[in-house]
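Trainee: could you work out the structure for the sequence below:
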Amino acid sequence: MTSAAPSGQPPDVDLIICGGGPVGLATAALLAARGADVSRIALVDQKAPAQAATDPRTIALSYGSRQIIEELGAWPAIARGATAIEQIHVSRRGHFGRTLLDRRDYALPALGYVARYGTLNQALETVVAASGVQLLRPAEVVGLEQHEDHVVVTLRDEHRLTAALAIQAEGGVFGRQLQKNVQRDYRQLALIAHVQVDGAIAHRAFERFTDEGPLALLPQDDGYALVWCVSPVRAEALQALDDAAFLAALGQAFGQRLGKFTAIGARHAYPLGLNAGVDAGARVVAIGNAAQTLHPVAGQGLNLGLRDARVLAGLLAHAHGPEALREFARRRRSDRRLTIGLTDTMARVFASAPQGAMTQTLLGLSLGMIDLVAPARDLLAQQMMFGRR
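Mentor: Take a look at the predicted model:
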């Protein structure tokens, strides 16, 4: 096969979406909903649908993300297993002051939702499969070439597809990605698990800033999804503990707001870093985790990616030229910069500064003081729910 479309011949498809996670699937579904010719769209992913559907990871969806998913008709399938976040309690360990975001202040049914990755992926997969978009799964992309008037995607089996544009939505894990313009290793690991307590507060999420890093508890099922960010040395020590000792350490770090931690499920850890930047090229665009891998503080990564998908689908539904990608970059610049800057600042202060440093204290106190300034609190809530509009 050649690496270029024959002269004067149209490419195989208009759009190739590389990556069948929530952002890639949402992009395909949104394109179909906006009237794009689905017979000219192909989505390629290396996982079979069954693999993605059984993924047990926990995700936090903002209310704005619910609106995007609702537009596609996929929300009912997700809502059945999701837990609503009606309040978010933000505080600094060992200091007075806190911020409480409450859905009633914004006349919304929830600020966000806690769901399982596999459930979200399966719901979006169902919508895309019914739309008529070409699904190539499992099929691994091993090459992506840009030419003046088309792109060529090469699969593991050496099959090649040509397209007018390619959307890169396959993010991967930090540390295994190609380095982008802005990369920062926070030298932290996120410990994740499902925990139970004896004093749960229904539908309230917690973002607790400690000297080591952020500690989040998201209401889910009969307990909470834990995301505890610590140094690699601390993570190794914690992972070596038995369940009782780990829960005692967690209680010491979090405090007594939820009573005693009583049970924990399987524990996992993954490295944390920032890897973000605009890929150069007139016919390839990166979105979601492929464009910006973020620290999990405030849970903005997937939500930022879904906002990418919404804007991109609106631009590409009926136009497949480089000018549409330039307009996408312009429209998404502000939201991306603000979200990346916010999460990076919080992560660097707690991951890089010495424990108890003045920068940690000032940031922690400022988060607590936000509760006294309604406009500042509202700006924080709007950013977390809807991003920069």
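Trainee: what about Ala269, how many residues close to it?
Mentor: Using other CB atoms under 10 Å, Ala269 is surrounded by 17 other residues. Heads up, the C-betas are built off the backbone N, CA and C, glycines and all.
Trainee: what's the helix or strand containing it packed up against?
Mentor: Secondary structure from DSSP states H and E places Ala269 in strand 268-276. With contacts taken as 3 or more CB pairs under 8 Å, 6 or more residues apart in numbering; DSSP states H and E, strand 268-276 sits against strand 182-197, strand 292-293, helix 322-352.
Trainee: okay, those, which one's buried deepest?
Mentor: Comparing those by mean neighbour count (mean count of other CB atoms under 10 Å), strand 292-293 comes out on top with a mean of 24.
Trainee: contacting residues around the very next helix or strand once past that strand?
Mentor: Of the helices and strands lying after strand 292-293 in sequence (DSSP H and E), the nearest is helix 301-316. For helix 301-316, the external contacting residues (CB atoms under 8 Å, 6 or more residues apart in numbering) are 15, 22-23, 26-27, 30-31, 33-34, 36, 59-62, 64-65, 68-69, 165, 167, 169, 285, 287-289, 291-294, 324-325, 327-328, 331-332, 335-336, 339, 387.
Trainee: what is the mean pLDDT for helix 301-316?
Mentor: For helix 301-316, the mean pLDDT works out to 96.
Trainee: what angle sits between that helix and helix 322-352?
Mentor: If you take axes from the mean of the first three to the mean of the last three CA atoms, to 10 degrees, helix 301-316 sits at 170 degrees to helix 322-352.
Trainee: okay, now the unreliable bits of the stretch 201-350 of the chain?
Mentor: For the stretch 201-350 of the chain, applying pLDDT under 70 flags the ranges 278-280, 350.
Trainee: now with 80?
Mentor: Within the stretch 201-350 of the chain, the stretches with pLDDT under 80 are 211, 278-281, 298, 346, 348-350.
Trainee: so what strands line up beside the strand holding Ala269?
Mentor: Here strand 268-276 is paired, per DSSP bridges, with strand 182-197 (antiparallel), strand 292-293 (antiparallel).
Trainee: tell me the buried residues in that strand?
Mentor: For strand 268-276, burial by neighbour count (16 or more other CB atoms under 10 Å) applies to 269, 271-276.
Trainee: make CSV out of the residues you listed and add distance to Arg93.
Mentor: Shown next, in CSV, are these (distance: CB to CB, whole Å):
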residue, distance to Arg93
Ala269, 21
Pro271, 23
Leu272, 19
Gly273, 23
Leu274, 24
Asn275, 28
Ala276, 28
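Trainee: tabulate the helices and strands packed on strand 268-276 in CSV, adding columns for distance to Ala240.
Mentor: As requested, the helices and strands packed on strand 268-276 are exported to CSV (distance: least, CB to CB, whole Å):
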stretch, distance to Ala240
strand 182-197, 12
strand 292-293, 28
helix 322-352, 21
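Trainee: nearest to Leu218 among the ones you listed would be which one?
Mentor: Closest to Leu218 of those, according to CB to CB: strand 182-197, at 9.9 Å.
Trainee: and after the closest one, which helix or strand comes next?
Mentor: Moving toward the C-terminus from strand 182-197, the next helix or strand (DSSP H and E) is strand 204-209.
Trainee: direction included, what does the helix or strand following that following strand pair up with?
Mentor: Next along the chain after strand 204-209, taking DSSP H and E as the criterion, comes strand 214-220. Using DSSP bridges, the strands paired with strand 214-220 are strand 204-209 (antiparallel), strand 223-230 (antiparallel).
Trainee: report the distance from stretch 239-254 to the chain centre.
Mentor: On the basis of CA atoms, centre = their mean, to the nearest Å, stretch 239-254 sits 27 Å off its chain's mean C-alpha point.
Trainee: as TSV, the strands paired with strand 268-276 with distance to Ser231 would be great.
Mentor: As requested, the strands paired with strand 268-276 are exported to TSV (distance: least, CB to CB, whole Å):
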stretch	distance to Ser231
strand 182-197	6
strand 292-293	19
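Trainee: nearest to Pro138, out of those strands?
Mentor: For Pro138, the closest of these is strand 292-293, at 23.1 Å, according to CB to CB.
Trainee: show me how far the closest one is from its chain's centre.
Mentor: Per CA atoms, centre = their mean, the displacement of strand 292-293 from the mean C-alpha position of its chain is 8 Å.
Trainee: and for stretch 12-25?
Mentor: With CA atoms, centre = their mean, you get 17 Å for stretch 12-25.
Trainee: send the alpha carbons of it over as PDB?
Mentor: Extracted as PDB, the C-alpha positions of stretch 12-25 are listed here (Å, rounded to 0.1, in the frame of the first residue of the first chain):
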ATOM      1  CA  ASP A  12     -11.000   6.800   2.500                       C
ATOM      2  CA  VAL A  13     -12.800   8.800   5.100                       C
ATOM      3  CA  ASP A  14     -13.100  12.400   6.200                       C
ATOM      4  CA  LEU A  15     -12.200  11.900   9.800                       C
ATOM      5  CA  ILE A  16     -10.300   9.200  11.700                       C
ATOM      6  CA  ILE A  17     -10.600   9.300  15.500                       C
ATOM      7  CA  CYS A  18      -7.700   7.500  17.200                       C
ATOM      8  CA  GLY A  19      -8.800   6.300  20.600                       C
ATOM      9  CA  GLY A  20     -12.000   4.700  21.900                       C
ATOM     10  CA  GLY A  21     -12.100   6.000  25.400                       C
ATOM     11  CA  PRO A  22     -14.800   8.400  26.600                       C
ATOM     12  CA  VAL A  23     -13.400  11.500  24.800                       C
ATOM     13  CA  GLY A  24     -13.000   9.700  21.500                       C
ATOM     14  CA  LEU A  25     -16.400   8.100  21.700                       C
END
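Trainee: show me where the stretch 1-150 of the chain has its helices.
Mentor: For the stretch 1-150 of the chain, the helices defined by DSSP state H, counting those that start in this stretch occupy 22-33, 49-53, 63-71, 75-79, 117-131.
Trainee: could you point out which of these sits nearest Gly281?
Mentor: Taking CB to CB, helix 22-33 is the member of the helices of the stretch 1-150 of the chain nearest to Gly281, at 17.5 Å.
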